[in-house]
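Peer 1: Quick one, structure for this:
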Amino acid sequence: MTNIWMHIGAGSFHRAHQAWYLHRLLKEVVTDQWKIAIGGIRDDVVPLLTALAQQKNEYILETVTPQGVRNYEKITSIAKVLHWDEKMTNLIEQGAKTETKIIGFTVTEGGYYLDTSHNLDPNSPDIQSELNGKICTIYGALRAILKERIKQNGNPVTLLSCDNLRHNGDRFRHGFLQFLELCKDQELAEWVKKNTTSPNDMVDRIVPRPAADLAPRIKKETGVDDKAPVMGEAFIQWVIEDNFIDGRPALEKVGAEMVEDVQPYEEAKIRILNASHSCIAWAGTLVGLSYIHEGTQTPEIKQLAWNYVTEDVIPCLTPCPLDLEQYRDVVLDRFSNPNIQDTNQRVAADGLSKLPGFITPTLVECYERGVEPKATAVLPALFYVFLEEWHKGNIPYEYQDGILDAKAMHAMLDGADPVAQFAGDKALFGSLAGKSEFVSLMRQTIENIRDWKNNFKK
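Peer 2: Residues are numbered from 1 along each chain as shown. Now for the predicted structure:
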């Protein structure tokens, strides 16, 4: 029997991570197999889905170690491509079928539209559009899918977030139920509470956007002319709360970790890996570098990330079942891999969501411990100076941020005291916003970063 994992978000990360695990599982398990039906909620997914369909839903994954050893694998876990249209016809049809036991999604941190209190932002233009009948977020898509599922069979289904969001299952579920409340859809909300689960999980593999030289290299090495290739680092990890309502793939057979509590793993990953990644991307951009490995191999930049983790994060997360110092060193080693060619543009994106999600918790906890978070303050200061340069038109690429209001941001940076406005933003800094000691720390740290940028020599 084949069960279907329907995945919303056909980007590189899903195809290098969850799809890889299910591909490997197909080789291990003859009966009770799981395959993927893949689609998206935005029209920018069309070229990729078209390319996948043209090559029988298969593609090549290239992985590379820090030592430069490359491996090529044809991924065969996608059973169906769900072609896009504005009404999400194929997603709704597939999501309603009994064979669909899990609906997974990868929509980036900003795709959940949550504020620093982890509540849904009802004023988001996308959420407002959905209240007027358009489908453009994960919430609207799932509402339509589940309403049709109730009509067809009413079978329970697991809703699985695969994004770098702390407590991602809990946070998604809270936002989704708030969305249904906004829609005045109490009947569906009650059904969701009784007939779905939303496991928390932690996903990890560095997956850059496919570079121009990837497809030619794959053709040279494998003979395959792939129009939808993907590449990532050799390292991979998936830690999942074992809370599936109607069966699940036996992912533990292929290296995933099924646990009762994901929190220690996700806290270490989000605060050490994700926050340091952003730190290196913002710093590298400011001094004219293009790639993550270049920044990590620059001692001054690597030191900023090392100090942040060592001085503030490790004390905040101790005690921990993980060896945090070893984890820090492994992460920085992964970032230094020159073969990944991961761009600062990709990692610097969505800073307005990453700052409150990845960095602010450490700021808050340091103050609660009676410690001034000097090392952590460097990260929002880097982002602020990054925004200053964006404001002046000096960033050498298009900055992409799903919740950026460009007009309002330019107005803030033109204001009389933009640092005070930035440090007073509750959406970014929660309970710290506007507090005199925090504002003073940010003023001083931003000045330090400006001086560092201006005096930096490659």
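
Peer 1: Going by C-alpha atoms from here, please, whenever you check contacts or count neighbours.
Peer 2: Will do.

Peer 1: Poorly predicted segments of the stretch 151-300 of the chain, please.
Peer 2: Residue ranges of the stretch 151-300 of the chain with pLDDT under 70: none are present.

Peer 1: which residue ranges form the helices in it?
Peer 2: Applying DSSP state H, counting those that start in this stretch to the stretch 151-300 of the chain gives helices spanning 168-182, 186-195, 214-222, 263-268, 275-286, 292-296, 299-307.

Peer 1: okay if I get those as JSON lines plus distance to Gly430?
Peer 2: As requested, the helices of the stretch 151-300 of the chain are arranged in JSON lines below (distance: least, Cα to Cα, whole Å):
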{"stretch": "helix 168-182", "distance to Gly430": "17"}
{"stretch": "helix 186-195", "distance to Gly430": "28"}
{"stretch": "helix 214-222", "distance to Gly430": "42"}
{"stretch": "helix 263-268", "distance to Gly430": "18"}
{"stretch": "helix 275-286", "distance to Gly430": "17"}
{"stretch": "helix 292-296", "distance to Gly430": "29"}
{"stretch": "helix 299-307", "distance to Gly430": "23"}
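
Peer 1: In the chain, spot the helix with the most residues.
Peer 2: Longest helix of the chain, by residue count under DSSP state H: helix 436-455.

Peer 1: Flag every buried residue along that helix.
Peer 2: Under the neighbour-count criterion of 16 or more other Cα atoms under 10 Å, helix 436-455 has 438-439, 441-443, 445-446, 449-450, 453 buried.

Peer 1: Then stretch 117-134?
Peer 2: With burial defined by 16+ other Cα under 10 Å, the residues of stretch 117-134 counted as buried are 118-122, 126-127, 130-131.

Peer 1: Same question for stretch 305-312.
Peer 2: Result for stretch 305-312 [16+ other Cα under 10 Å]: buried residues 305-306, 308-310, 312.

Peer 1: try stretch 79-88
Peer 2: Applying a neighbour-count criterion of 16+ other Cα under 10 Å, one finds 79-84, 88 buried in stretch 79-88.

Peer 1: Identify the residues contacting Thr116.
Peer 2: Thr116 sits next to 356-357, 426-430 when contact means Cα atoms under 8 Å, 6 or more residues apart in numbering.

Peer 1: CSV for the residues you listed, including distance to Val203 and neighbour count?
Peer 2: Converted to CSV, the contacts of Thr116 look like this (distance: Cα to Cα, whole Å; neighbours: other Cα atoms under 10 Å):
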residue, distance to Val203, neighbour count
Pro356, 19, 21
Gly357, 15, 26
Lys426, 28, 17
Ala427, 25, 17
Leu428, 24, 23
Phe429, 25, 23
Gly430, 26, 18
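
Peer 1: Just the residues you listed: which are in helices?
Peer 2: 426-429.

Peer 1: The protein: strands as residue ranges?
Peer 2: Taking DSSP state E as the criterion, the chain carries its strands at 2-8, 33-39, 59-64, 70-75, 78-81, 100-105, 157-161, 196-197, 201-204, 230-233, 237-241, 257-259.

Peer 1: For these, could you give me TSV that also reports distance to His293?
Peer 2: Shown next, in TSV, are these (distance: least, Cα to Cα, whole Å):
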stretch	distance to His293
strand 2-8	30
strand 33-39	31
strand 59-64	14
strand 70-75	17
strand 78-81	32
strand 100-105	29
strand 157-161	28
strand 196-197	39
strand 201-204	18
strand 230-233	12
strand 237-241	21
strand 257-259	28
